[in-house]
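Visitor: sequence and predicted structure, then a few things I'm wondering about:
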Amino acid sequence: MASTATAAPRNYSVEELDELKRKNDDLARLEWRTRPDVVKCWPQYLTIMNTYKCDLECPMCFKQLDDVFNMSLPDMEWSIFEKVAHECFPHLRKINLSVSGEPLISRNIFRELELMRKYRVKTDITTNGMPLARRGLLEALLPACHALTVSFDAATKQSFEYIRKGAHFDTVVKNLKLFNEMRQKLPPEERPTFRMNHVYQHANAKELVLLVELAHEIGIDYVNIEHVYVHRDYQETTSMLNHRRLANEMFDRAKERAQQLGLNAKFAPLYDVSDGIPDYPYTPPAQEWLHAEAKKKNPAKLFRDAAPQPAGALPLAQRDGITNNKDFIAMREKSWFIPRAFDYGVPQFGDSLIPDDQVKYNHCIYPWREAFVSWDGEVVPCCSPALFEAGHMGNLKKFDTFEGIWNGEIYQRLRKSIREGRTYKFCRHCYVVNPEDPESYSLT
């Protein structure tokens, strides 16, 4: 691996890039097994939040929990993206530009796609479909696209424009058909996969069969259907928990239709109705109400005017001179707020303090395989919400190179804890690789 000196861009031949990527593949597969603290391989996969903004205001989205106008949220600075690209892209094959914003509205999207083309990197994209009409975007995207997933949450115009607030049904369908038409002209080995994600909820409850038929008409390869996630009490009306039998019936009918059409589809598990509690009567939303709600503007302030997020336990402890996990955990006795996920300490303050009788093997390979880069330059090892600020491995604004973070002390401690079975608590019950333990996510 390169030194920590700032990586300078250089021109590679196709053969040189292919050889660098092949060598990194071989090295990564070896280090996934040996799991050293200091790695020689580069990440196999990078998720890069090129923007935090979104052009929609979908009512079930967690972004609506903040009263901030979505389009005022920040993009990643070009200097951060460029630093990661010049250093890492020669060695990896795939990235993901999708996190919690709409990646295709990044102000730097054309430059980002050009760097991917230059380094022969493909990207996975999750989009709402609206930006695909932007002039020249499809032509720039297709050569760099590994898979495009569209978030598509209704099969009729009124329901769609209520749920996907700010989108236009006819425009999105037209854009998706154009994308499919253009990708079909590519050789099969260069053709991106075309997927659809669907969030099943009260407003679209009886549209699943129509959705499957529309996905087939558009040319979708694969449909994934999930139940809506309720973030707050006021969102409970979006759920189908009071209409479980209806939901199960709609799933069964949609599965049958997908099989008839030869469409690959994955459905969330059916609801358990063994308790015998009957469904509430289902009344679909009135079309006039859906139309009116879709036109309402959400009251929100600009990102620059929003109050800053309160500092978490880790930065407050660092401010007060805490340097080790024993003193950090002792802060709880002084009425400090420390999440339960930090019970065994954090890698920023040293090795895990997990009791010897709780040591257990963890098969996670995230710290050896991939990394996530936030819009503000923070590098984190995975997407688990249990990490809180303990997931901050380093910020690219403060490090000359990505490698300085990737092989820094914090990453090394995290890798060591996983390899030795002495995981920090936020890893011990990770929802990605271990059975979920809700108690481990408790904040108090």
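Guide: In hand now; what should we look at?

Visitor: for the residue nearest the centre of the chain, helix, strand, or coil?
Guide: Most central in the chain under C-alpha atoms, centre = their mean is residue 99, positioned 3.7 Å from the mean C-alpha point. Here residue 99 is recorded as coil under DSSP: H, G, I helix; E, B strand; the rest coil.

Visitor: now swap in residue 379 and tell me
Guide: Residue 379 - assigned by three-state DSSP - is strand.

Visitor: next: residue 196.
Guide: With three-state DSSP as the criterion, residue 196 reads strand.

Visitor: hmm, it is touching residue 226, no?
Guide: No: if you go by C-beta atoms under 8 Å, residue 196 and residue 226 don't touch, sitting 11.6 Å apart. For every residue, glycine as well, the C-beta is placed using N, CA and C.

Visitor: out of the two, which sits in the more crowded spot?
Guide: residue 196 (25 against 13; other C-beta atoms under 10 Å).

Visitor: related to what we said a few turns ago, tell me the contacts of the residue nearest to the centre of the chain?
Guide: 47-49, 372, 374 (C-beta atoms under 8 Å, 6 or more residues apart in numbering).

Visitor: count of neighbours near residue 187?
Guide: For residue 187, using other C-beta under 10 Å, the count is 6.

Visitor: next, format the contacts of residue 99 as CSV and append distance to residue 384 and secondary structure.
Guide: Below are the contacts of residue 99 laid out as CSV (distance: C-beta to C-beta, whole Å; DSSP: H, G, I helix; E, B strand; the rest coil):
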residue, distance to residue 384, secondary structure
47, 13, strand
48, 18, strand
49, 16, coil
372, 10, strand
374, 14, coil
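
Visitor: of the residues you listed, closest to residue 338?
Guide: residue 374 (22.7 Å; C-beta to C-beta).

Visitor: which residues touch the closest residue in space to that closest one that isn't next to it in sequence?
Guide: Nearest non-adjacent residue to residue 374, counting by C-beta to C-beta, 6 or more residues apart in numbering: residue 49, 5.2 Å away. Residues in contact with residue 49, defined by C-beta under 8 Å, 6+ apart, are 76, 97, 99-101, 372-375.

Visitor: show me what counts as buried in the longest helix belonging to the chain.
Guide: The longest helix of the chain (DSSP state H) is helix 14-34. With burial defined by 16 or more other C-beta atoms under 10 Å, the residues of helix 14-34 counted as buried are 17, 20-21, 24, 27-28, 31.

Visitor: residue 45: neighbour count?
Guide: When neighbours are counted by other C-beta under 10 Å, residue 45 registers 16.

Visitor: looking at the contacts of residue 99, which is nearest residue 336?
Guide: residue 374 (25.5 Å).

Visitor: for that closest one, what are its contacts?
Guide: Contact analysis of residue 374 by C-beta under 8 Å, 6+ apart lists 49, 99, 380.

Visitor: assign the residue lying farthest from the centre of the chain to helix, strand or coil.
Guide: Centroid-distance maximum for the chain: residue 276 at 36.7 Å, with C-alpha atoms, centre = their mean. Put simply, residue 276 is coil when judged by three-state DSSP.

Visitor: rewinding a little: next one: the residue nearest to the centre of the chain from residue 367, what distance?
Guide: Residue 99 sits 19 Å away from residue 367, going by C-beta to C-beta, to the nearest Å.

Visitor: try residue 209
Guide: 43 Å.

Visitor: repeat that for residue 114.
Guide: Residue 114 is 30 Å from residue 367, by C-beta to C-beta.

Visitor: so these two - more neighbours on which side?
Guide: Counting neighbours by other C-beta under 10 Å for residue 114 and for residue 367 shows that residue 367 has the greater number, 25 against 15.

Visitor: now the one helix or strand the more buried one maps to: average pLDDT?
Guide: Assessed by DSSP states H and E, residue 367 sits inside helix 366-369. For helix 366-369, mean pLDDT rounds to 95.

Visitor: and stretch 288-298, by the same measure?
Guide: So the average pLDDT for stretch 288-298 ends up being 87.
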